[in-house]
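J.: Turn this into a structure:
(chains A and B)
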There are 2 protein chains.
Amino acid sequence: MDAQGVDLSVLALTPPGTHPLSPEKALRLSRAANDVAAEAVSRNPTRFRSLSTLPMSSPKDVAGELERAAGIGHVGTMVYGRAGDLFLDDPAYDGFFSAASELGQPVFIHPQLPSDAVRDSSYRGFDAMTDLALATFGWGWHLDAATAALRLILRGTFDRHPDLQIVLGHWGEMLLFWLDRADSLSRIAGLQRPVSGYVRSNFHITASGMLNPALLQHALSVTSADRLIFSTDYPFQRPAKEEIDLFLNHFSTDAEREQFSWANAASLFGFDLPSSAQDENA
Amino acid sequence: MDAQGVDLSVLALTPPGTHPLSPEKALRLSRAANDVAAEAVSRNPTRFRSLSTLPMSSPKDVAGELERAAGIGHVGTMVYGRAGDLFLDDPAYDGFFSAASELGQPVFIHPQLPSDAVRDSSYRGFDAMTDLALATFGWGWHLDAATAALRLILRGTFDRHPDLQIVLGHWGEMLLFWLDRADSLSRIAGLQRPVSGYVRSNFHITASGMLNPALLQHALSVTSADRLIFSTDYPFQRPAKEEIDLFLNHFSTDAEREQFSWANAASLFGFDLPSSAQDENA
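T.: Below you'll find the predicted structure:
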């Protein structure tokens, strides 16, 4: 475990390149994973909710599996920003975003190992472990997710699907910090609104265990408290209750603390917390 | 001009790839540029100071030209984070950083068009102008500069040259926002201190005309007021005096306002402002 609690042995298992699954295998494994997760949730309905896994390397099957997964109880889905060379903003996925919007299924964009081309050109030259850490949890993961989200905005996705909701971890990856510049892309890309407008209306942001008040303050300067969601990066990060309470003190009202702690998540993912959980978290 | 005052016609002139000058041409042009700039400064000593241009595609000539340029009055140097495929942290440049440290010449890392490989893998698929804007002022420029700075830290540059001072524009590019994660790289890379420690002791940060109080607040949460320097992005950005005054109100003391407005720059680059300029700026 390093200083951030990240277990490097996991990274050592990361394959050297990005090799998307074959379409058939992707669909078969996605269905199996979604069935297993739905069953786990149904056994523990007061403790768990699940996000579905989708066959992203088979774009034609994505919307169908999203709908099937929603039907068996998944409250949203979690995808990478890219399947091999296919970016999430590729027109091949537009049916997916259309379905996510219609079904009210939020799409969580999770960081991913950058492509071999990006790794070769930006993240090599040190020892193997430093190369890997630079390309992943220390830097590259987050640029990859942020770039995917920005591309999705520039593609006009939220002009076509104004109700679609995206979730970004790690306080919005780096996108939230660069809106001054990114806003200037809207006119060039022919969008209806500035990039920051879509961030405020179509994105929710989770903390991913980064309990740093400066990051909270910046997020509040860019978007609103009803779009920020507590999360840890379990099992890599396991903040103690005391750390969490200390962090929650940086919100200015109890209402905002409740929004961040559970109410925003419940509202976004469409579920009620049992009243005992609300008491625990209040 | 776009919403940020960036003239896109300039971008249209950007060559499609990164083609560093030949070593001979780089040295010849650097010398000529440094002579022209030094002469302009000597004609207007109360108005101008200059940063030198270095023959980065000829690493063996870089330290020599830095020393010659310092001798004719340049107060620092401005470089890109990469010359073709050669990153600034390549051991080929270590003599340069050694000389910069010994001569007290700060090194400004300016954003650059990302490499063809990065553009192909991350910044294409839209119309040509959106591709280019995404790869440059809207996003890619800043990742390129930030990655170069982070790599320089990871290479142990500041363990070897503890007096070396780097300058980053645009509120520290994106590096200042990602220190929670980047800090975890220090142990893996075998550094003496966390990444954020080097940022606080070896980096100065300029505003580049981004007069956004949220970015100032974040910078103050990461580093100290004695390391922040006012700058515009002339001629692309030309904030009016009223905008600047409004922004300066976000500092909490007159002392910090003076540091940011001129005193930090004067101290870093080793020059006295004539008292009339001080009065103007006070």
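
J.: Tell me the residues on the stretch 151-282 of chain A that lie near chain B, please.
T.: Neighbours of chain B within the stretch 151-282 of chain A, by C-beta under 8 Å from any C-beta of the partner chain: A:151, A:154-155, A:170, A:174, A:177-178, A:180-189, A:194, A:210, A:212, A:214-215, A:217-218, A:221-222. Backbone N, C-alpha and C define where each C-beta goes, glycine included.

J.: Output the below-cut-off pLDDT ranges for chain A.
T.: Counting by pLDDT under 70, chain A contains low-confidence ranges at A:1-18, A:274-282.

J.: Could you tell me which of the residues of the stretch 151-282 of chain A next to chain B belong to helices?
T.: Those of these mapping onto helices are A:151, A:154, A:180-182, A:185-189, A:214-215, A:217-218, A:221-222, per DSSP state H.

J.: in chain A, which helix has the most residues?
T.: For chain A, the longest helix by residue count, based on DSSP H, is helix A:23-43.

J.: buried residues in that one?
T.: Neighbour counts over helix A:23-43 (16 or more other C-beta atoms under 10 Å in any protein chain shown) mark A:26-27, A:30-31, A:34, A:37-38, A:41 as buried.

J.: and if you look at stretch A:54-61?
T.: The neighbour-count check on stretch A:54-61 (16+ other C-beta under 10 Å) flags A:54-59, A:61 as buried.

J.: cool, stretch A:142-161 as well?
T.: By neighbour count on 16+ other C-beta under 10 Å, the buried set for stretch A:142-161 is A:142-158, A:161.

J.: so how far is it from its chain's centroid?
T.: 12 Å (C-alpha atoms, centre = their mean, to the nearest Å).

J.: that older thread, of the buried residues of stretch A:54-61, which is the nearest to chain B?
T.: Nearest to chain B, judged by C-beta to the nearest C-beta, of the buried residues of stretch A:54-61 is residue A:59 at 14.8 Å.

J.: Can you report how many residues lie near the nearest residue to the closest one once chain neighbours are set aside?
T.: Leaving out its chain neighbours, the residue that sits closest to residue A:59 by C-beta to C-beta, 6 or more residues apart in numbering or on different chains is residue A:92, at 4.0 Å. Residue A:92 has 16 neighbouring residues, counting by other C-beta atoms under 10 Å in any protein chain shown.

J.: Quick check: residue A:92 vs residue A:57, distance?
T.: To residue A:57, residue A:92 is 11 Å away according to C-beta to C-beta, to the nearest Å.

J.: Please name the residues that touch residue A:104.
T.: Under the criterion of C-beta atoms under 8 Å, 6 or more residues apart in numbering or on different chains, the contact list for residue A:104 reads A:163, A:270.

J.: Return the distance of it relative to residue A:197.
T.: Between residue A:104 and residue A:197 the computed distance is 21 Å (C-beta to C-beta).

J.: now residue A:83
T.: For residue A:83, the distance to residue A:197 - C-beta to C-beta - is 28 Å.

J.: quick one, which of the two is more surrounded?
T.: Ranked by neighbour count (other C-beta under 10 Å), residue A:83 and residue A:197 place residue A:83 first, with 24 against 16.

J.: List the beta-bridge partners for the more buried one.
T.: Note on residue A:83: beta-bridge partners residue A:86, judged by DSSP bridges.

J.: my read: it touches residue A:61, true?
T.: No - using C-beta atoms under 8 Å, residue A:83 is not in contact with residue A:61, being 11.9 Å away.

J.: Would you map the helices across the stretch 51-200 of chain A?
T.: Secondary structure of the stretch 51-200 of chain A (DSSP state H, counting those that start in this stretch): helices located at A:59-71, A:94-103, A:116-122, A:128-135, A:140-154, A:157-160, A:179-182, A:185-189, A:195-202.
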